[in-house]
Structures are given as C-alpha cells and as structure tokens.
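Participant: Quick one, structure for this:
(one chain, ligands or ions: 2)
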Amino acid sequence: MSVATAHDDHHDSHDHGPPKGWQRWVYSTNHKDIGTMYLFFALFMLFFGGAMAMYIRAELFMPGVQLANPDFYNNMVTDHALVMVFGMVMPAAAGMANWMIPLMIGAPDMALPRLNNLSFWLLPAAAIMLILSILAPYLFPGTGGPVNTGWTLLPPLSIQNGIGMDFTIFAIHMLGISSILASINIVTTILNMRAPTMTMMKMPLFVWAWFFTALLLIAVMPVLAGAVTMLLFDRHFGTSFFDAAGGGDPILFQHLFWFFGHPEVYVLLLPSIGVLGLVIPTFARKPLFGYKALVYGMGVLAVLGMVVWAHHQYTIGMSLWATNYFMIGTILISIPVGLMLMNFIFTMWRGSMTFETPMLFGIAIILMFSFAGVTGVMLAVVPADMQYHDTMFVVAHFHYALIPGAVFGLYAGVFYWLPKWTGHMYDERLGKIFFWWTTISFNITFFPQHFSGLAGMPRRIVDYSIQYTEFNVISSIGGFLFGLSHLLFLYIIIQTIRGGQKAPDKPWEGSQIGTPGLEWTLPSPPPFHSFTQAPVVK
Ligand code: HEM
Ligand SMILES: [Cu+2]
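Facilitator: Ligands and ions are numbered 1, 2, ... in the order given. Model (predicted):
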C-alpha cells in the first residue's frame, strides 16, 4: 500500500512527524504529546476548580445565605478541592514530568508509552464522573442530595450521602489508577531509560523530585482506593467498616484517608520543589547549592511525611502517647523543609541574579511557603491546634502551602519551559504583570483568613457570624482579583503558542550551570522523536 511504500522510502529514519488528526492524540504514545494533553487538561481544570472557588467567595462575601442552599455550597467546597488537587495540580505536574523527564535524562520516550496513554485518558473519564457527581441530585431526583462531606469524604456523612457519592468514589478510583500507572511509568523510566552516562546523582533535581513523588504515590494511593472502596461497601453491600451502628468506626476512615492525605500534600509540593531546583540556579547563574543535601532531604521528607498523618486528627481523642508522637514527628518535618529552603537561599547568595517571571515566582515561593511552614508548626502543636482545628486558620495555612508551594511552582515551570515547548518566547512584560497580580491578590485573599480563623470562624460553613464580615469582604475581593488574573495567564499561553519571538535552543543563559541540561541541547520545540541515540553527559 502507498503508506507502506512511503515508509520504505525513508526506512530507518526516525524523523517522521506525528500522525495527522485526532488519532495523533487519542492513540498517542509520544511523551511530548501526552505531556501536552496533561497540561491542557490541567489548564481546563484550573478554570473549572477556579469557577467553584469564585462561587465560594461570592457566597462568603457577606454573612447570610445568598446564592444557594448550604448543601450545594458544601458540594462546591468538596469538588473545588478534589478538582484542584487531582484534576489540576497533579495532572499539571504529570504533564511536566512527561515532557521533561525523558528530555532531561536523554531517553527517547517514557519506558511504558501505551500505559502512558491509558494514564492520561483515565483523567477525562474521571472528570466526567466528578461532573456527574455534582449533577446527580438534579439528573436523578430522589436519590439524595449533593456530596457535602468536603474532600476528606468523612463518614458517617459520606455513608448517608446520595448517589453523587458513588460517582465521586468511582472518580477517585479512576484518578487513583491513573496516578499509580503514571507513577510506575515514571519510576521505571528514571531507573531504566537514562542515557548510560547519566548517573542518578547527575539527574536534574526535578527528576529526583518526581522520583520521590512517584514512590509516594505508589505507596499511598492504594490506601485511599481501599478506603473509598470500603466506603462503597458500607453504602451498598451491608458492611460496617465505618458505621458505628453496625459496630464499625468512622475514625478508621480518618486514619486511612490521612495516611494517604498527608503524603499527598508532598505529592503536590515535591514536583514544584523540583522546578525550583532548576529555576533558582538558572537565574542566579550559580550551581545549585547542596544538590546532594536536597536529594536526601526530599527522601527524608517523603519517609517522614508517611508517618505523621494523624496531626489532622488531634481532636478525635487519641492516646496521649500517640498524640505526642504525631506532634513531634510533624515538627521534625520542618527540618528537611527548612534545609531545602536554605539551600535555595544559599544558591542565590552572591549569584548574578536576574528576575524573569520564573525567578519572580521562585522567590515568592520561598517567602510565602516559609510562611505556611510557620503556621504549619503552630498547627502541629496539639494544645494550639485544639483551638485552630476546623477554623479558617487551617484554610489559610493550606492555601499558603499549596498555592505558593505547588501552584506557583507549576507557574514557574510553565514560564520556564514555554519557550522549549512552543518554540516561542512569552511576553516577559505580561509575565511580570501576571506574577505581581497573582501574588498580591493571593495575599489579599488568604492573609485575612488567618485572623478570621484565630477569631473563631469555622471552615466549610456557608454562613458566618457578622463580626467576621470585614475579613471576608477583603478575602472575596482578593479572590475575584486572583481568579481574574488567570485570564491573563490564559492569554499569555495562547499568545505564546500562536507566535512571538523565536526561542533559541537555550533561552535562559544560566540553565546549564551545574546541571547537564540535556533538554537545552535540543531545538525549541524539540522534534517529535528526540534522543533516539543516547546523548553523552559530560
Ligand atoms: C512544616 C510543614 C507543615 C506542617 C508542620 C503542617 C501541619 C499541618 C497540620 C497540623 C494540619 C492540620 C490542621 C487541622 O486540621 O487542625 C495541616 C493541614 C493541612 N496542611 Fe499542612 N503542614 C505543613 C506543610 C504543608 C504542605 C507542604 C502542604 C501542601 C503542599 C500542606 C497542606 C495542608 C492541607 C491541605 C491541610 C488541610 C487538610 C484539610 O483538613 O482539608 N501543609 N497542616
Ligand atoms: Cu498533614
């Protein structure tokens, strides 16, 4: 056939382009295409989860119940969190892993390209399930109200919820399978696909960060999957794992959930630490300070992160010994975290710094994430947490941890790699505007929540007492500005994809200082198939 002959003409040549049309994407086994799909999926989910956040802030703008019934409000709180965690941050980080890890280690592709395709395509299916879980009360009237448990899905409420909860559980199953498969792929790629001269201790920090992230996911995702499956059994098959009426214990679910949930915050954080490990040396024009310490620090963080989960449950009435153990373990975590931040600061020390958008995000992360570390240590102290628990103070803490710690790291990565991905430079002026706009509005949104929280305003409740009004008005205005800034983000991305100044192979002068930087030896954008022969690392 003509296709076959055409192929024979350039036999053994690997520079054929991608397949045409929809098949390129649906059947894709190419790490760059799959990475691109992950990133677009995450971008879409950013707006979906963001829209729910706007709804929440609109409702909280004033005391009283304004927009809808309280159960729907709590449904929005639940799905905002699930979408942001599983639909946005994790897929964005996975998209970056797909794009960059093979390029960084000199591999032609991921180790398991078909599995890679499956990992991605499970996500849209999960997203549909999640949307169905929101719509269920309206599509299937009489099957129960909205899922109103919060992302922690705590029983007994999650046992009593309507059919929407089943959709949520299925969505989590699919998201979990997707994460586990992607993680297996990433670990296998890192262990087996490196160019022969790329030893583990030469790998860019981003690769190490994802290595630990993937190991964490493989360790804890199955626990969450098991927990929600047990929940499903309690709901439909007559078991009583978590139902006190049948001899079960809702506290068991909390332990299983947080055994997953706390490591999950490191899953969200570590890829961004990996981005920082590239961005800071690039724009400080100095090799990363304490590379080895950072690698070991991330390892310690991953292990410690797995044994402190019950700091989310101080109020349930554990034994004093258990409580003390979890408190001390949690406080110990500040040691590797502090060490990592110090390494970044020492990398900048006496460097020749410039402040392009990725670097601005990098510096903002260090400052604002440290702040989350401080409130985190406050929360880790048992008698103090007894007061703060379930208040807006916790909301402020974890948004300071997650938005600078995870999301800003992803933004830094987007601006850092957009030239490589698209072949065009983004508009630096717009990038800087976006940086200041998000950073300022983020702080306006979440800083006041520390005070409303300390003053006692509970979280996950649609209404509040009037003395918290001012804090909430400020928060909501900040929130709307923060949301709005993302239209600029979208604009910058579209503009960069469509054209702009041509990006050189290595757009950032310092990007190969102290790291092999194989990805910068390729053209921008890299060809469809790259490193079909292993490069040599000097
Ligand atoms: C020094 C580091 C940290 C410490 C000591 C710490 C401590 C804590 C504690 C004790 C709580 C429970 C508060 C309560 O519910 O009463 C908490 C909640 C939370 N933290 Fe952190 N944290 C740290 C870093 C992080 C990081 C890096 C992230 C994410 C990237 C994060 C995300 C969260 C989230 C999402 C919650 C709330 C979960 C929920 O109840 O829905 N934290 N933190
Ligand atoms: Cu935790």
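Participant: Please make it C-alpha for all contacts and neighbour counts, starting now.
Facilitator: Will do.
Participant: Any idea how far stretch 19-31 is from the middle of the chain?
Facilitator: 25 Å (C-alpha atoms, centre = their mean, to the nearest Å).
Participant: Quick one: low-confidence residue ranges for this structure.
Facilitator: Low-confidence segments of the chain (pLDDT under 70): 1-16.
Participant: Tell me the residues of it that contact ligand 1?
Facilitator: Listed as neighbours of ligand 1 in the chain under the rule C-alpha under 6 Å from any ligand atom: 265-266, 268-269, 311-312, 330-331, 333-334, 373, 376-377, 379-380, 385, 388-390, 394, 398, 401-402, 405.
Participant: Inside helices: which ones of the residues you listed?
Facilitator: Among these, the ones falling in helices (DSSP state H) are 265-266, 268-269, 330-331, 333-334, 373, 376-377, 379-380, 385, 388, 394, 398, 401-402.
Participant: mind checking the SS state of the most centrally placed residue in the chain?
Facilitator: Note on the chain: the residue nearest the mean C-alpha position is Val89, at 2.6 Å, using C-alpha atoms, centre = their mean. Classification of Val89 using DSSP: H, G, I helix; E, B strand; the rest coil returns helix.
Participant: got it, and Glu519?
Facilitator: Strictly by three-state DSSP, Glu519 counts as helix.
Participant: if we can go back for a sec, does the residue nearest to the centre of the chain touch Leu268 like I think?
Facilitator: Yes. Applying C-alpha atoms under 8 Å as the test, Val89 and Leu268 come out as touching, 6.6 Å apart.
Participant: Tell me the residue of the stretch 1-150 of the chain that sits nearest ligand 1?
Facilitator: Going by C-alpha to the nearest ligand atom, ligand 1 is nearest to Gly150 of the stretch 1-150 of the chain, at 7.5 Å.
Participant: how many neighbours does that residue have?
Facilitator: Around Gly150 there are 18 other residues, counting by other C-alpha atoms under 10 Å.
Participant: And the helices in the stretch 251-400 of the chain, which stretches?
Facilitator: Ranges of helices within the stretch 251-400 of the chain are 291-305, 320-348, 357-380, 382-388, 392-402, based on DSSP state H, counting those that start in this stretch.
Participant: any idea which of the ones you listed is most buried?
Facilitator: helix 392-402 (a mean of 23; mean count of other C-alpha atoms under 10 Å).
Participant: What is the subsequent helix or strand relative to it?
Facilitator: Sequence-wise, the next helix or strand downstream of helix 392-402 (DSSP states H and E) is helix 409-422.
Participant: so what does the next helix or strand after that following helix touch, helix or strand wise?
Facilitator: The helix or strand immediately downstream of helix 409-422 is helix 428-454, counting by DSSP H and E. Helix 428-454 sits against helix 357-380, helix 392-402, helix 469-498, with contacts defined as 3 or more C-alpha pairs under 8 Å, 6 or more residues apart in numbering; DSSP states H and E.
Participant: sorry, back to before: contacting residues around the residue nearest to the centre of the chain?
Facilitator: Going by C-alpha atoms under 8 Å, 6 or more residues apart in numbering, Val89 touches Ala42, Leu268, Ala406, Val407, Leu410.
Participant: residue contacts, the second one?
Facilitator: Contacts of Leu268 were listed using C-alpha under 8 Å, 6+ apart, and they are Val85, Val89, Met90, Leu402, Ala406.
Participant: farthest-separated two in those?
Facilitator: With C-alpha to C-alpha as the measure, no two of these lie farther apart than Met90 and Leu402, at 11.8 Å.
Participant: No further queries at this time; thank you.
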